[in-house]
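>>> sequence and predicted structure below; questions after.
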Amino acid sequence: MTHNDDLARIVSGCQDGDAECFSEIVDMYAGRCYGYFYRLTGNRELSDELLSELFVKLVQKVKTYKGGAFEGWLFKIAANIFHDHLRARQRRMKLLDARRRDLESEVTEQKRSESDRGDRLQIQLGKLDSETRELIMLRFYSQMSLKEIAEVRSEPIGTTLSRLHRGLKRLREMMGQRPE
Amino acid sequence: MNDNSRENLRDLFERFGDSAQAENAVDDIERGDELLRAWPAPQPNPELLSRIKSDMLNTFVHSGRRHFRWFASRAAGIAAAFLIIASIWTWRPLHPDGAPGVAVASEIIPMAIWEGDDISVDDLDLAAFTTEVERIENEMKALLLGENGSRESQVDQAEMELLDIKREFWKG
């Protein structure tokens, strides 16, 4: 049985509410999706929440999946969940302006604790603009083609290519790898 | 890792520059990918995955129940609407010529009976019954006082008559 056949069987099982298939789909994609959320947020607890939300959404929406690249479908939901999270955070920041400084200091502490763990990549990723960071992570973890990514992001493929190229080059420089 | 997107990188870049530039760009991207692979993100812990699997199953069960409740409430609503329309259609009064008539509201027991002090005035049947009972009572009194002859048999006869009247009355 090929990967695609196997995936089709698992997705079909999920549509029927098969517990075994739910388990298999989590085992197949949880690592990559978690990596995607973690690299975008730099926060394990938040990534836990977003990952849980993603798989609950998967159950609610799996009947609308009509075939095609499953990774693309799944990561589109993941990207939407991340954007919802960003919007919610922005609303909170506006509403709780008085608490803004506290929250910022929490984020700083969070970044510091990540730094203590020695994840230099996470620190340097945080220095990229959010659009570029999201594009790099979407491509790396979803394994979608650039054409699919450009469609998901509703932008010309030239823009996607150029942003990806500049972003990865800059990241390498920040990580101390000189272009050869 | 990005097997799907690697396939046509060079072709894509050649659309926007010469082959040397495309070569450099593909090289930059591949080195970037190597960097990301060299710094793997942490993995979710097993407890989280177990909880997610359990949540997925619960979500599926609840969404099924919600769907059933939604379907049942819709079906009940449609059935109720159908019954109301059917009952209005069936009970709609018609004139003898078939034209729709005017609905007349009525009550099983007229309100005047409940509100009136004199029950015999309010209902003809009750009035007749009351009159008959009063007549028999008078006859009974007369018999007991010995106003008529053969007192015993006449009392029995009057009682039988009273029972018959009562029975007939409740038969309607």
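That came through, no problem.
>>> separation between A:Asp27 and B:Gln43?
Spatial separation of A:Asp27 from B:Gln43 under the definition Cβ to Cβ, to the nearest Å is 12 Å. The way it works is simple: take the backbone N, C-alpha and C, and place the C-beta from them, glycine included.
>>> by proximity to chain B, which residue of chain A wins?
Ranked by Cβ to the nearest Cβ, the top residue of chain A for proximity to chain B is A:Leu168, at 2.8 Å.
>>> tell me the domain ranges of chain B?
What automatic domain parsing lists as the domains of chain B is B:1-62, B:112-171.
>>> would you turn those into a markdown table with distance to chain A, mean neighbour count and mean pLDDT?
Supplementary listing: the domains of chain B in a markdown table, determined by distance: least, Cβ to the nearest Cβ, whole Å; neighbours: other Cβ atoms under 10 Å in any protein chain shown; pLDDT from 0 to 100:
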| stretch | distance to chain A | mean neighbour count | mean pLDDT |
| --- | --- | --- | --- |
| domain B:1-62 | 3 | 16 | 85 |
| domain B:112-171 | 59 | 12 | 70 |
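>>> let me have those in a markdown table, extended by distance to A:Asn43.
Rendered in a markdown table, the data for the domains of chain B read as follows (distance: least, Cβ to Cβ, whole Å):
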| stretch | distance to A:Asn43 |
| --- | --- |
| domain B:1-62 | 11 |
| domain B:112-171 | 75 |
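>>> of all those, which lies closest to A:Leu7?
domain B:1-62 (13.9 Å; Cβ to Cβ).
>>> report whether stretch A:81-97 contacts chain B.
No - Stretch A:81-97 stays clear of chain B (Cβ under 8 Å from any Cβ of the partner chain), getting no nearer than 13.6 Å.
>>> which parts of that stretch are buried?
By 16 or more other Cβ atoms under 10 Å in any protein chain shown, the buried positions in stretch A:81-97 come out as A:81-82, A:85.
>>> for that stretch, C-alpha coordinates in PDB please.
Taking Å, rounded to 0.1, in the frame of the first residue of the first chain, the C-alpha atoms of stretch A:81-97 are listed here in PDB:
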ATOM      1  CA  ILE A  81      -5.600  29.000  13.500                       C
ATOM      2  CA  PHE A  82      -2.300  30.900  13.900                       C
ATOM      3  CA  HIS A  83      -3.700  34.000  12.300                       C
ATOM      4  CA  ASP A  84      -6.800  33.700  14.600                       C
ATOM      5  CA  HIS A  85      -4.400  33.500  17.500                       C
ATOM      6  CA  LEU A  86      -2.600  36.600  16.300                       C
ATOM      7  CA  ARG A  87      -5.800  38.600  15.900                       C
ATOM      8  CA  ALA A  88      -7.100  37.500  19.300                       C
ATOM      9  CA  ARG A  89      -3.800  38.600  20.800                       C
ATOM     10  CA  GLN A  90      -4.000  42.000  19.000                       C
ATOM     11  CA  ARG A  91      -7.500  42.500  20.400                       C
ATOM     12  CA  ARG A  92      -6.400  41.600  23.900                       C
ATOM     13  CA  MET A  93      -3.500  44.000  23.600                       C
ATOM     14  CA  LYS A  94      -5.900  46.800  22.600                       C
ATOM     15  CA  LEU A  95      -8.300  46.000  25.300                       C
ATOM     16  CA  LEU A  96      -5.800  45.400  28.000                       C
ATOM     17  CA  ASP A  97      -3.500  48.300  27.100                       C
END
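>>> thinking again about what came up before, can you tell me the SS state at the residue of chain A closest to chain B?
When the structure is split into helix, strand and coil by DSSP: H, G, I helix; E, B strand; the rest coil, A:Leu168 lands in helix.
>>> ok, now which ones touch the residue nearest to it when sequence neighbours are not counted?
Spatially, and ignoring its direct neighbours in sequence, A:Leu168 is nearest to B:Gly32 (2.8 Å; Cβ to Cβ, 6 or more residues apart in numbering or on different chains). Residues in contact with B:Gly32, defined by Cβ atoms under 8 Å, 6 or more residues apart in numbering or on different chains, are A:136, A:167-169, A:171-172.
>>> now those residues in JSON lines, with pLDDT and distance to A:Gln124?
Output for the contacts of B:Gly32, formatted as JSON lines (pLDDT from 0 to 100; distance: Cβ to Cβ, whole Å):
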{"residue": "A:Ile136", "pLDDT": "94", "distance to A:Gln124": "11"}
{"residue": "A:Gly167", "pLDDT": "94", "distance to A:Gln124": "11"}
{"residue": "A:Leu168", "pLDDT": "94", "distance to A:Gln124": "12"}
{"residue": "A:Lys169", "pLDDT": "92", "distance to A:Gln124": "13"}
{"residue": "A:Leu171", "pLDDT": "93", "distance to A:Gln124": "6"}
{"residue": "A:Arg172", "pLDDT": "92", "distance to A:Gln124": "9"}
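>>> could I get the residues you listed as JSON lines with neighbour count?
Formatted as JSON lines, the contacts of B:Gly32 follow (neighbours: other Cβ atoms under 10 Å in any protein chain shown):
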{"residue": "A:Ile136", "neighbour count": "23"}
{"residue": "A:Gly167", "neighbour count": "23"}
{"residue": "A:Leu168", "neighbour count": "25"}
{"residue": "A:Lys169", "neighbour count": "19"}
{"residue": "A:Leu171", "neighbour count": "22"}
{"residue": "A:Arg172", "neighbour count": "18"}
